[in-house]
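Participant: no sequence on hand, only this structure:
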C-alpha cells in the first residue's frame, strides 16, 4: 500500500511538471540551476534593480557523489533573473557555507581523500565564482570538521564564522536568503 501511494505521488508530480513544461538552463550557468518560464506574471522583475543577496547554505546531499542543490539554487537565481532581463552585473551574490555543507568546499584531492570521489560541487562553484559569486566558509565549521585551509578550493574564502559573515554582509546591504 505504501509503495502504491508513493508511486501515485511520483506520477502526479511528474504529470504536474509536464504541464509546466521542461525546466530551462542558462543563460548564465549551463547545466545547473534549472528554472521555469513564468507567463502572465502579476509582478514584473525590475531589470535595473541591483540584486544584492547572500545565500545561507548549511545543508547538503547525504550522498557524497551528488552536488549540493542549495549551491545549485544560486545558479537558478542567476539563470532565471538573467533570462528575465537582469544583467549579471546587477547581481551581487555571496554564499556563506557552514555545517554539513562545509565538505562541499574541499578541493577535489581533499574531497577524494575523505570521501572516495571528486568533489561534485567543484565545477559548479568554479562556474559561479567566474560570474562574480563570492564564497565564504565558516571557520568554526572547518575546525569542527578538522579541515585545514590548505584543503579548500581557491574560490572559497575562510571566515571567522558563518554568523559573522552573515551579519557583516547584511550590514553591507545584502538581503538574506536562508
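Facilitator: Looks like it arrived, so ask away. Because the structure is predicted, anything quoted here is derived from the model rather than measured. Numbers count the residues shown, from 1 in each chain.

Participant: switch to C-alpha atoms for all contacts and neighbour counts from now on
Facilitator: Fine.

Participant: helices of this protein, start to end?
Facilitator: Ranges of helices in the chain, per DSSP state H, are 2-20, 69-83, 108-115, 122-130, 139-144, 162-171.

Participant: deepest of those, which one?
Facilitator: Highest mean neighbour count among the helices of the chain (mean count of other Cα atoms under 10 Å): helix 69-83, with a mean of 21.

Participant: now for it, which elements pack on it?
Facilitator: strand 51-57, helix 122-130 (3 or more Cα pairs under 8 Å, 6 or more residues apart in numbering; DSSP states H and E).

Participant: report the rounded mean pLDDT for that helix.
Facilitator: For helix 69-83, mean pLDDT is 98.

Participant: give me the contacts around that helix.
Facilitator: Outside helix 69-83, the residues that touch it by Cα atoms under 8 Å, 6 or more residues apart in numbering are 25-29, 32-37, 45, 55, 57, 59-61, 88, 91, 124-125, 128.

Participant: pull out the buried residues from the residues you listed.
Facilitator: 25-26, 28-29, 32-35, 55, 57, 59-60, 88, 91, 124-125, 128 (16 or more other Cα atoms under 10 Å).

Participant: okay, which residue is most central for the protein?
Facilitator: residue 71 (1.6 Å; Cα atoms, centre = their mean).

Participant: against residue 55, how distant is that one?
Facilitator: 8 Å (Cα to Cα, to the nearest Å).

Participant: what of residue 141?
Facilitator: For residue 141, the distance to residue 55 - Cα to Cα - is 17 Å.

Participant: for residue 125, same thing?
Facilitator: Residue 125 is 13 Å from residue 55, by Cα to Cα.

Participant: which residues does residue 94 contact?
Facilitator: Per Cα under 8 Å, 6+ apart, neighbours of residue 94: 53, 54, 55, 133, 134, 135, 136.
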